[in-house]
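Participant: This is the structure alone, sequence omitted:
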Ligand code: AP5
Ligand code: ZN
(Lines give C-alpha, C1' and ligand atoms only; values in the text may rest on other atoms or scores of the structure.)
(Ligands and ions follow the chains in the order given, each with its own letter.)
Protein backbone atom coordinates (compact mmCIF):
# COMPACT_ATOMS: atom_id res chain seq x y z
CA UNK A 1 0.00 0.00 0.00
CA UNK A 2 1.50 3.36 -0.85
CA UNK A 3 1.78 6.00 1.85
CA UNK A 4 -0.93 8.26 0.37
CA UNK A 5 -3.46 5.43 0.67
CA UNK A 6 -2.29 4.57 4.17
CA UNK A 7 -2.68 8.20 5.20
CA UNK A 8 -6.15 8.33 3.70
CA UNK A 9 -7.17 5.79 6.34
CA UNK A 10 -6.07 8.06 9.16
CA UNK A 11 -8.82 9.95 10.95
CA UNK A 12 -8.58 13.66 11.57
CA UNK A 13 -11.42 14.00 14.11
CA UNK A 14 -10.83 17.73 14.31
CA UNK A 15 -12.08 20.91 12.75
CA UNK A 16 -9.46 22.18 10.29
CA UNK A 17 -9.78 25.84 9.39
CA UNK A 18 -8.19 27.52 6.37
CA UNK A 19 -7.64 31.18 7.09
CA UNK A 20 -6.25 33.64 4.55
CA UNK A 21 -7.10 36.40 2.10
CA UNK A 22 -9.02 35.94 -1.16
CA UNK A 23 -6.89 33.96 -3.61
CA UNK A 24 -4.56 32.54 -0.94
CA UNK A 25 -5.52 29.01 -2.00
CA UNK A 26 -8.00 28.08 0.76
CA UNK A 27 -10.44 26.32 -1.57
CA UNK A 28 -7.69 24.57 -3.54
CA UNK A 29 -6.04 23.15 -0.42
CA UNK A 30 -9.29 22.42 1.43
CA UNK A 31 -10.48 20.26 -1.47
CA UNK A 32 -7.23 18.29 -1.39
CA UNK A 33 -7.45 17.79 2.37
CA UNK A 34 -11.06 16.62 2.13
CA UNK A 35 -10.08 14.03 -0.46
CA UNK A 36 -7.01 12.80 1.38
CA UNK A 37 -8.66 12.31 4.78
CA UNK A 38 -12.21 11.56 3.63
CA UNK A 39 -13.81 14.45 5.51
CA UNK A 40 -16.33 17.00 4.21
CA UNK A 41 -15.21 20.33 2.75
CA UNK A 42 -17.38 23.14 4.10
CA UNK A 43 -16.99 26.29 2.00
CA UNK A 44 -19.40 29.06 2.95
CA UNK A 45 -18.58 30.82 -0.34
CA UNK A 46 -19.59 27.69 -2.32
CA UNK A 47 -22.75 27.34 -0.20
CA UNK A 48 -23.75 30.94 -0.96
CA UNK A 49 -22.97 30.54 -4.68
CA UNK A 50 -25.17 27.45 -4.69
CA UNK A 51 -28.02 29.43 -3.10
CA UNK A 52 -27.53 32.20 -5.68
CA UNK A 53 -27.66 29.65 -8.52
CA UNK A 54 -30.85 28.09 -7.16
CA UNK A 55 -32.28 31.59 -6.54
CA UNK A 56 -33.36 30.74 -2.98
CA UNK A 57 -34.40 33.43 -0.51
CA UNK A 58 -30.97 33.20 1.12
CA UNK A 59 -29.34 33.49 -2.31
CA UNK A 60 -31.35 36.61 -3.11
CA UNK A 61 -30.15 38.23 0.13
CA UNK A 62 -26.50 37.21 -0.30
CA UNK A 63 -26.09 37.98 -4.00
CA UNK A 64 -25.86 41.81 -3.96
CA UNK A 65 -23.56 41.68 -0.93
CA UNK A 66 -21.22 39.21 -2.61
CA UNK A 67 -21.27 41.26 -5.82
CA UNK A 68 -19.98 44.23 -3.82
CA UNK A 69 -17.25 42.13 -2.17
CA UNK A 70 -18.64 42.68 1.32
CA UNK A 71 -19.38 40.08 3.99
CA UNK A 72 -22.81 38.51 4.36
CA UNK A 73 -24.25 39.27 7.86
CA UNK A 74 -23.13 36.89 10.61
CA UNK A 75 -26.61 35.60 11.48
CA UNK A 76 -27.16 34.34 7.92
CA UNK A 77 -23.76 32.63 7.77
CA UNK A 78 -24.17 31.11 11.23
CA UNK A 79 -27.58 29.61 10.57
CA UNK A 80 -26.22 27.97 7.43
CA UNK A 81 -23.02 26.59 8.99
CA UNK A 82 -24.73 25.40 12.16
CA UNK A 83 -27.09 23.26 10.13
CA UNK A 84 -24.19 21.87 8.06
CA UNK A 85 -21.94 20.96 11.01
CA UNK A 86 -24.84 19.13 12.68
CA UNK A 87 -25.06 16.63 9.80
CA UNK A 88 -23.71 13.13 10.49
CA UNK A 89 -20.93 13.29 7.89
CA UNK A 90 -19.18 15.94 10.02
CA UNK A 91 -18.81 13.66 13.06
CA UNK A 92 -15.35 12.49 11.97
CA UNK A 93 -14.04 16.02 11.46
CA UNK A 94 -14.34 18.53 8.63
CA UNK A 95 -12.44 21.25 6.84
CA UNK A 96 -13.68 24.84 6.87
CA UNK A 97 -12.87 27.19 3.99
CA UNK A 98 -13.99 30.84 4.21
CA UNK A 99 -15.43 30.47 7.71
CA UNK A 100 -15.05 31.96 10.28
CA UNK A 101 -14.50 35.45 8.90
CA UNK A 102 -15.41 37.73 11.81
CA UNK A 103 -14.74 37.60 15.53
CA UNK A 104 -18.43 36.88 16.18
CA UNK A 105 -18.27 33.92 13.77
CA UNK A 106 -15.12 32.59 15.48
CA UNK A 107 -16.76 32.80 18.91
CA UNK A 108 -19.89 31.10 17.62
CA UNK A 109 -17.74 28.36 16.08
CA UNK A 110 -16.03 27.78 19.45
CA UNK A 111 -19.45 27.16 20.99
CA UNK A 112 -20.51 24.87 18.14
CA UNK A 113 -17.33 22.80 18.37
CA UNK A 114 -17.79 22.38 22.08
CA UNK A 115 -21.44 21.40 21.65
CA UNK A 116 -20.45 18.72 19.13
CA UNK A 117 -17.65 17.36 21.30
CA UNK A 118 -14.71 18.58 19.22
CA UNK A 119 -11.48 19.72 20.83
CA UNK A 120 -9.42 22.67 19.68
CA UNK A 121 -9.40 23.34 15.93
CA UNK A 122 -6.24 23.42 13.81
CA UNK A 123 -6.00 26.72 11.95
CA UNK A 124 -3.91 26.73 8.77
CA UNK A 125 -3.08 30.33 7.96
CA UNK A 126 -2.15 30.70 4.29
CA UNK A 127 0.22 33.61 3.78
CA UNK A 128 0.67 35.12 0.30
CA UNK A 129 1.58 38.58 -1.00
CA UNK A 130 -0.94 40.94 -2.53
CA UNK A 131 0.49 41.03 -6.08
CA UNK A 132 0.22 37.25 -6.14
CA UNK A 133 -3.38 37.29 -4.87
CA UNK A 134 -4.44 39.75 -7.60
CA UNK A 135 -2.80 37.65 -10.30
CA UNK A 136 -4.36 34.40 -9.05
CA UNK A 137 -7.86 35.88 -8.85
CA UNK A 138 -7.56 37.46 -12.31
CA UNK A 139 -6.51 34.07 -13.70
CA UNK A 140 -9.06 31.90 -11.88
CA UNK A 141 -11.54 29.92 -13.98
CA UNK A 142 -14.16 27.51 -12.59
CA UNK A 143 -15.89 24.58 -14.30
CA UNK A 144 -19.60 25.27 -14.76
CA UNK A 145 -20.40 21.55 -14.39
CA UNK A 146 -18.25 20.25 -11.51
CA UNK A 147 -16.82 23.39 -9.85
CA UNK A 148 -13.18 22.36 -10.44
CA UNK A 149 -10.88 25.38 -10.17
CA UNK A 150 -8.13 26.22 -12.68
CA UNK A 151 -5.79 29.10 -13.22
CA UNK A 152 -4.91 30.53 -16.63
CA UNK A 153 -1.38 31.33 -15.46
CA UNK A 154 -0.43 28.71 -12.90
CA UNK A 155 -2.75 25.74 -13.33
CA UNK A 156 -4.23 25.82 -16.86
CA UNK A 157 -6.58 23.14 -18.24
CA UNK A 158 -5.26 20.84 -20.99
CA UNK A 159 -7.73 22.29 -23.52
CA UNK A 160 -8.23 26.07 -23.18
CA UNK A 161 -11.61 26.98 -21.68
CA UNK A 162 -12.60 23.34 -20.95
CA UNK A 163 -12.52 21.25 -17.76
CA UNK A 164 -10.05 18.32 -17.83
CA UNK A 165 -12.53 15.99 -16.10
CA UNK A 166 -15.81 16.58 -17.92
CA UNK A 167 -15.17 19.11 -20.70
CA UNK A 168 -17.41 21.64 -18.91
CA UNK A 169 -17.11 25.33 -19.82
CA UNK A 170 -14.70 27.29 -17.62
CA UNK A 171 -16.09 30.61 -16.40
CA UNK A 172 -14.91 33.58 -14.32
CA UNK A 173 -16.40 34.29 -10.89
CA UNK A 174 -18.40 37.55 -10.99
CA UNK A 175 -16.63 38.79 -7.84
CA UNK A 176 -13.18 38.36 -9.40
CA UNK A 177 -13.54 41.73 -11.21
CA UNK A 178 -10.69 43.97 -10.13
CA UNK A 179 -12.83 46.56 -8.27
CA UNK A 180 -14.66 43.83 -6.36
CA UNK A 181 -11.39 42.09 -5.51
CA UNK A 182 -10.13 45.36 -3.95
CA UNK A 183 -13.22 45.47 -1.71
CA UNK A 184 -12.82 41.78 -0.80
CA UNK A 185 -9.23 42.48 0.27
CA UNK A 186 -10.40 45.47 2.34
CA UNK A 187 -13.10 43.34 4.00
CA UNK A 188 -10.44 40.74 4.76
CA UNK A 189 -8.05 43.24 6.35
CA UNK A 190 -10.70 44.89 8.51
CA UNK A 191 -12.93 41.99 9.52
CA UNK A 192 -11.05 38.70 9.10
CA UNK A 193 -7.37 39.45 9.65
CA UNK A 194 -7.91 39.98 13.44
CA UNK A 195 -8.72 36.25 13.64
CA UNK A 196 -5.04 35.49 12.98
CA UNK A 197 -4.18 36.95 16.39
CA UNK A 198 -7.30 35.44 17.99
CA UNK A 199 -6.19 31.92 17.06
CA UNK A 200 -2.44 32.55 17.42
CA UNK A 201 -2.95 33.66 21.02
CA UNK A 202 -4.63 30.34 21.73
CA UNK A 203 -1.78 28.35 20.23
CA UNK A 204 -3.84 26.66 17.51
CA UNK A 205 -2.63 28.56 14.44
CA UNK A 206 0.18 27.57 12.08
CA UNK A 207 1.50 29.86 9.33
CA UNK A 208 1.76 28.12 5.97
CA UNK A 209 3.78 29.60 3.10
CA UNK A 210 1.06 30.05 0.49
CA UNK A 211 3.42 31.60 -2.07
CA UNK A 212 4.79 28.25 -3.21
CA UNK A 213 3.16 26.22 -6.00
CA UNK A 214 0.02 24.17 -5.27
CA UNK A 215 1.87 20.86 -4.73
CA UNK A 216 4.42 22.43 -2.40
CA UNK A 217 1.70 24.08 -0.31
CA UNK A 218 -0.16 20.75 -0.07
CA UNK A 219 3.06 19.09 1.04
CA UNK A 220 3.33 21.51 4.00
CA UNK A 221 -0.36 21.21 4.85
CA UNK A 222 -0.47 17.40 4.70
CA UNK A 223 2.57 17.19 6.99
CA UNK A 224 0.81 19.37 9.57
CA UNK A 225 -2.45 17.45 9.44
CA UNK A 226 -0.70 14.05 9.47
CA UNK A 227 0.79 15.07 12.81
CA UNK A 228 -2.64 15.37 14.45
CA UNK A 229 -4.32 12.49 12.59
CA UNK A 230 -4.84 9.17 14.34
CA UNK A 231 -4.55 5.73 12.73
P1 LIG B 1 -15.26 32.88 -0.79
O2 LIG B 1 -15.77 32.01 -1.86
O3 LIG B 1 -14.90 32.30 0.52
O4 LIG B 1 -14.05 33.71 -1.41
P5 LIG B 1 -12.66 34.22 -0.81
O6 LIG B 1 -12.41 34.08 0.64
O7 LIG B 1 -12.54 35.59 -1.32
O8 LIG B 1 -11.67 33.21 -1.32
P9 LIG B 1 -11.45 32.74 -2.78
O10 LIG B 1 -12.37 31.62 -3.09
O11 LIG B 1 -11.44 33.89 -3.73
O12 LIG B 1 -9.93 32.28 -2.70
P13 LIG B 1 -9.25 30.97 -2.17
O14 LIG B 1 -8.33 31.34 -1.06
O15 LIG B 1 -10.23 29.87 -1.91
O16 LIG B 1 -8.35 30.63 -3.44
P17 LIG B 1 -8.48 29.45 -4.51
O18 LIG B 1 -8.02 28.18 -3.91
O19 LIG B 1 -9.77 29.46 -5.23
O20 LIG B 1 -16.32 34.05 -0.47
C21 LIG B 1 -16.98 34.74 -1.50
C22 LIG B 1 -17.97 35.73 -0.89
O23 LIG B 1 -18.99 35.02 -0.14
C24 LIG B 1 -17.39 36.71 0.15
O25 LIG B 1 -16.84 37.86 -0.48
C26 LIG B 1 -18.62 37.02 1.02
O27 LIG B 1 -19.45 37.96 0.37
C28 LIG B 1 -19.35 35.70 1.07
N29 LIG B 1 -18.93 34.87 2.22
C30 LIG B 1 -18.36 33.64 2.17
N31 LIG B 1 -18.12 33.17 3.40
C32 LIG B 1 -18.54 34.13 4.27
C33 LIG B 1 -18.54 34.25 5.69
N34 LIG B 1 -18.02 33.27 6.47
N35 LIG B 1 -19.02 35.37 6.24
C36 LIG B 1 -19.54 36.37 5.47
N37 LIG B 1 -19.57 36.33 4.12
C38 LIG B 1 -19.08 35.21 3.52
O39 LIG B 1 -7.31 29.93 -5.52
C40 LIG B 1 -7.45 31.10 -6.30
C41 LIG B 1 -6.79 30.88 -7.66
O42 LIG B 1 -5.38 30.70 -7.48
C43 LIG B 1 -7.26 29.64 -8.41
O44 LIG B 1 -7.27 29.91 -9.79
C45 LIG B 1 -6.21 28.56 -8.08
O46 LIG B 1 -6.07 27.61 -9.12
C47 LIG B 1 -4.96 29.41 -7.92
N48 LIG B 1 -4.03 28.89 -6.92
C49 LIG B 1 -4.35 28.39 -5.68
N50 LIG B 1 -3.22 28.06 -5.01
C51 LIG B 1 -2.18 28.39 -5.82
C52 LIG B 1 -0.76 28.28 -5.69
N53 LIG B 1 -0.20 27.77 -4.56
N54 LIG B 1 0.01 28.69 -6.71
C55 LIG B 1 -0.55 29.19 -7.84
N56 LIG B 1 -1.89 29.32 -8.02
C57 LIG B 1 -2.69 28.91 -7.04
ZN1 ZN C 1 -15.59 19.96 -14.60
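Facilitator: It's in. Just so we're clear, the structure is a prediction, and the values are computed from it rather than from any experiment. Numbers count the residues shown, from 1 in each chain. Ligands and ions are numbered 1, 2, ... in the order given.
Participant: biggest helix in the protein, by residue count?
Facilitator: Across the chain, the longest stretch assigned as helix under DSSP state H is helix 214-228.
Participant: Give me the secondary structure label for residue 70.
Facilitator: Classification of residue 70 using DSSP: H, G, I helix; E, B strand; the rest coil returns coil.
Participant: doesn't residue 180 make contact with it?
Facilitator: No - under the criterion of Cβ atoms under 8 Å, residue 70 is not in contact with residue 180, lying 9.6 Å apart. Just so you know, the C-beta spots here come from the backbone N, C-alpha and C atoms, and that holds for glycine as well.
Participant: out of the two, which sits in the busier spot?
Facilitator: When neighbours are counted by other Cβ atoms under 10 Å, residue 180 comes out ahead of the other of residue 70 and residue 180, with 19 against 15.
Participant: Give me the neighbour count for the nearest residue to the more buried one once chain neighbours are set aside.
Facilitator: Nearest residue to residue 180, sequence neighbours excluded (Cβ to Cβ, 6 or more residues apart in numbering): residue 69, at 4.2 Å. For residue 69, the neighbour count with other Cβ under 10 Å is 20.
Participant: give the contact list for residue 69.
Facilitator: Neighbour list for residue 69: 175, 180, 181, 182, 183, 184, 186, 187 [criterion: Cβ atoms under 8 Å, 6 or more residues apart in numbering].
Participant: same thing but at 6 Å, please
Facilitator: By Cβ atoms under 6 Å, 6 or more residues apart in numbering, the contact set of residue 69 is 175, 180, 183, 184.
Participant: Let me know the distance separating the third one from residue 198.
Facilitator: Looking back up the chat, that one is residue 183. The spacing between residue 183 and residue 198, counted by Cβ to Cβ, to the nearest Å, is 23 Å.
Participant: how about the nearest residue to residue 27, chain neighbours excluded?
Facilitator: Taking Cβ to Cβ, 6+ apart as the measure, residue 27 lies nearest to residue 97, with 5.4 Å between them; neighbours along the chain are not counted.
Participant: Show me what that neighbour is bridged to.
Facilitator: Going by DSSP bridges, residue 97 is paired in beta bridges with residue 18, residue 43.
Participant: my read: it touches residue 17, true?
Facilitator: No - counting by Cβ atoms under 6 Å, residue 97 does not reach residue 17; the two are 8.4 Å apart.
Participant: give me the number of residues near residue 169?
Facilitator: The criterion is other Cβ under 10 Å. On that basis, residue 169 has 12 neighbouring residues.
Participant: who's in contact with it?
Facilitator: Contacts here follow Cβ under 6 Å, 6+ apart; on that basis residue 169 touches residue 144.
Participant: Per-residue confidence, the residue nearest to residue 180, what does it come out as?
Facilitator: pLDDT, the model's per-residue confidence, is 97 for residue 69.
Participant: what does the one 3 residues further on give?
Facilitator: Model confidence at residue 72, given as pLDDT, is 98.
Participant: got any ranges where this protein has weak pLDDT?
Facilitator: Residues of the chain that meet the criterion pLDDT under 70 lie in 1-9.
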